[in-house]
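A.B. asks: Fold the stuff below for me.
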Amino acid sequence: MDALQRETLAIIQTHPENEWMPRIRNSADHLNILCDLREADIRGVLRKAEQSLHPRRVDPFSPDEDINIEPIRWMWDGVIRAGGGNLLIASPKVGKSALMMGMVGAMATGATSYLGRALQSTCPPVFVVGTDQPFVDWEPILIREGLFTGRRLQHPIKNLWDSSCELMLDERGIKRLRTLAVENPGALFVLDSYRSLIAGMGINENDSNFADPARALLRNLTDTGATWVIIHHSNKSVSGGNAISASSGNNSLPAAASCCILMNWLKATFDGSPQQDFRIGINQSGRLERCSMVVELTDDGWISHGDGDEAIRIENHAESVAQLGEGRMGDAYDHVSMRSDLGCMVSVAELAGVMDRPLNKVQRYLGGLVRKGLIIEARGVLETGGRPGNGYFTPWSKAASLWRDKRGGLKGVKGSKDEGFNPLDPHQPPLTPSPRAGARETVTVGTPVELFRNEAWCNGWLVKDNNPDAMRCVRVGSPNVTVSNLRWGLDVRACSSPFGKGVTPPEGLPELVQTSHSKHDTSWIDDNEF
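C.D. replies: Alright, predicted model coming up:
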């Protein structure tokens, strides 16, 4: 057994994983002990050999022991983990390769963020194993990001393999990648695509050993500190969900990566018609924190449309409204929506009078709309002359903003009667005095402001369009990240600085931005940004 153990150790160090068991059986046969071994015994020998290469602790952690935890490092915050394995999944021609080269191009220019998310401070050497397409298809992607000029690859790309090059994730190919990783500490490897890199290895996508090359790559690159991103195609039926369910082939492949990123059309077409909405949702799910964002690829590169969860909620809301049709529930929604835009909540009694329907039926209409997420129910906020009644209004409306402002100074959702506020009265003044009068003269482009998002005021924004009824703001340091259709005094308010307390402004900003904005001087702003 000792001889078999030594030969097994040599086998797992020199041969690919799919050959381990047959070679161990051959070695046992040559040692004339195969007939004395069960299958479980052979697997036990293999397990012991693997443990000798990667020793594990025997004793569990205890409360008396200090546990050293390595902090999670991100190459692209919340999307690409540094020093680990990442799996990027999408349908063909969605923009997987373009997204990765866009990130590389941003790092090459020294940018601190990309599409609204932070980048690591140093740009690593990059190796693109792009055997899925010829260089003629890589060329426009690289040129757009400034990575190919004058017929030469540019920093930080060290090597690029296209479809004319021979490189697979077999034993020889992985050894070659490991050598490059050792010679270039912290390097980034973009592998495009997994299917092309295992095409000649006789591995079926539906077999359990589909992920063996990825696991072998993980074992060989882990101790080098390299970051690798495997680009993989999704299955034909994907229309949402997560990267694990969308991955083509056996589900063992997503398990080999720390982060799984799914790219999918925000509004995909399923009837064969051309794609009209080119916004793309990016959702990262894995063993780390979750990330969601919406982006779009234009002729000039990628732009951000902000938070992905919010965009998906809005799209689902619009689709649910369209599905209501012309029935009674659709009529109920139309009335609640109209009154909500005026800043008023709707009671059951009001809607019953408008629709000339019994109270119990109107209550069912409203309950159905609440369950669909099309309207919000605020309990006990309306004065009815007796027991406080419930108020109904639509999300993202003026009534929603007023209710949010009112609730912010109270406990829970009740309490409007203390100040005599009646949302049913269209002549009732707003809960929060609006400074819209004269806003065009006092709010100038470049004014640092805070936005009311996710139930809290967030700084880090500047005014880009000062229309008080449809204001547009841009994120500091990210001119492509904007939020539109904001209202002064409800969604936007002024602040003294676009940076939070204790935050050091990024280097390179004008002194005016780093110190004071009291006069809102806009002379430092680049006209091209605004």
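A.B. asks: could you point out where the stretch 201-350 of the chain is predicted with low confidence?
C.D. replies: 235-251, 270-272, 286-289 (pLDDT under 70).
A.B. asks: okay but residue 159 is in contact with residue 165, surely?
C.D. replies: No: counting by C-beta atoms under 8 Å, residue 165 is not a contact partner of residue 159; they are 9.4 Å apart. Heads up, the C-betas are built off the backbone N, CA and C, glycines and all.
A.B. asks: Have a look at those two and say which one is more surrounded.
C.D. replies: residue 159 (15 against 12; other C-beta atoms under 10 Å).
A.B. asks: Against residue 180, how distant is the more buried one?
C.D. replies: From residue 159 across to residue 180, the span is 7 Å (C-beta to C-beta, to the nearest Å).
A.B. asks: Count the neighbours of residue 175 for me.
C.D. replies: Neighbour tally, residue 175, other C-beta under 10 Å: 10.
A.B. asks: oh sorry, the question was meant for residue 468
C.D. replies: Neighbours of residue 468 (other C-beta under 10 Å): 20.
A.B. asks: these two touch, right, residue 229 and residue 194?
C.D. replies: No: counting by C-beta under 8 Å, residue 229 sits too far from residue 194 to count as a contact (10.6 Å).
A.B. asks: and stretch 63-76, which residues are buried?
C.D. replies: Neighbour counts over stretch 63-76 (16 or more other C-beta atoms under 10 Å) mark 74-76 as buried.
A.B. asks: would you turn those into CSV with pLDDT?
C.D. replies: Putting the buried residues of stretch 63-76 into CSV (pLDDT from 0 to 100) gives the following:
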residue, pLDDT
74, 92
75, 95
76, 94
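A.B. asks: residue closest to the middle of the protein?
C.D. replies: The centre of the chain sits closest to residue 292, judged by C-alpha atoms, centre = their mean, with a distance of 2.7 Å.
A.B. asks: OK, contacts around it?
C.D. replies: Residue 292 makes contacts with 281-284, 307-309, 312, as judged by C-beta atoms under 8 Å, 6 or more residues apart in numbering.
A.B. asks: how about a cut-off of 10 Å?
C.D. replies: Listed by C-beta atoms under 10 Å, 6 or more residues apart in numbering, the contact set of residue 292 reads 78, 262, 281-285, 307-312.
A.B. asks: Show me what it bridges to in the sheet.
C.D. replies: Residue 292 has the following beta-bridge partners by DSSP bridges: residue 283.
A.B. asks: quick one: residue 230 is in a strand?
C.D. replies: Yes: checked against DSSP: H, G, I helix; E, B strand; the rest coil, residue 230 lies within a strand.
A.B. asks: close enough to count as contact, it and residue 132?
C.D. replies: No: with contact defined as C-beta atoms under 10 Å, residue 230 does not reach residue 132; the gap is 11.3 Å.
A.B. asks: Overlap of the contact sets of those two?
C.D. replies: Common contacts of residue 230 and residue 132, defined by C-beta under 10 Å, 6+ apart, comprise 191-194, 197.
A.B. asks: ok, and the most crowded of those?
C.D. replies: Highest neighbour count within those, by other C-beta under 10 Å: residue 191, with 28 neighbours.
A.B. asks: Backbone dihedrals for it, please?
C.D. replies: With angles defined as degrees, to the nearest 10, residue 191 sits at phi -110, psi 110.
A.B. asks: Contacts only, for it.
C.D. replies: 86-88, 127-132, 161, 167, 169, 177, 197, 213-214, 217, 228-232.
A.B. asks: In helices, which of those residues fall?
C.D. replies: 177, 197, 213-214, 217 (DSSP state H).
A.B. asks: Of these - the most surrounded one?
C.D. replies: Ranked by neighbour count (other C-beta under 10 Å), these have residue 213 at the top, with 27 neighbours.
A.B. asks: Just give the nearest non-adjacent residue to it, would you?
C.D. replies: Leaving aside its sequence neighbours, residue 213 sits nearest to residue 169 (C-beta to C-beta, 6 or more residues apart in numbering; 3.7 Å).
A.B. asks: In contact with the one you found, which residues?
C.D. replies: Neighbouring residues of residue 169 by C-beta under 10 Å, 6+ apart: 16, 129, 177, 191, 194, 196-198, 201, 203, 212-214, 216-217, 230.
A.B. asks: Surely residue 60 is in a strand?
C.D. replies: No: Residue 60 is assigned coil when assessed by three-state DSSP, not a strand.
A.B. asks: That one: how many residues sit nearby?
C.D. replies: Per other C-beta under 10 Å, the neighbour tally for residue 60 reads 6.
A.B. asks: Also residue 254?
C.D. replies: Neighbouring residues of residue 254 were enumerated by other C-beta under 10 Å; the total is 23.
A.B. asks: For the helix or strand harbouring it, name the packing helices and strands.
C.D. replies: In the assignment (DSSP states H and E), residue 254 maps to helix 252-255. Under the contact criterion of 3 or more C-beta pairs under 10 Å, 6 or more residues apart in numbering; DSSP states H and E, helix 252-255 touches strand 85-90, helix 212-221, strand 227-233, helix 243-246, strand 259-265.
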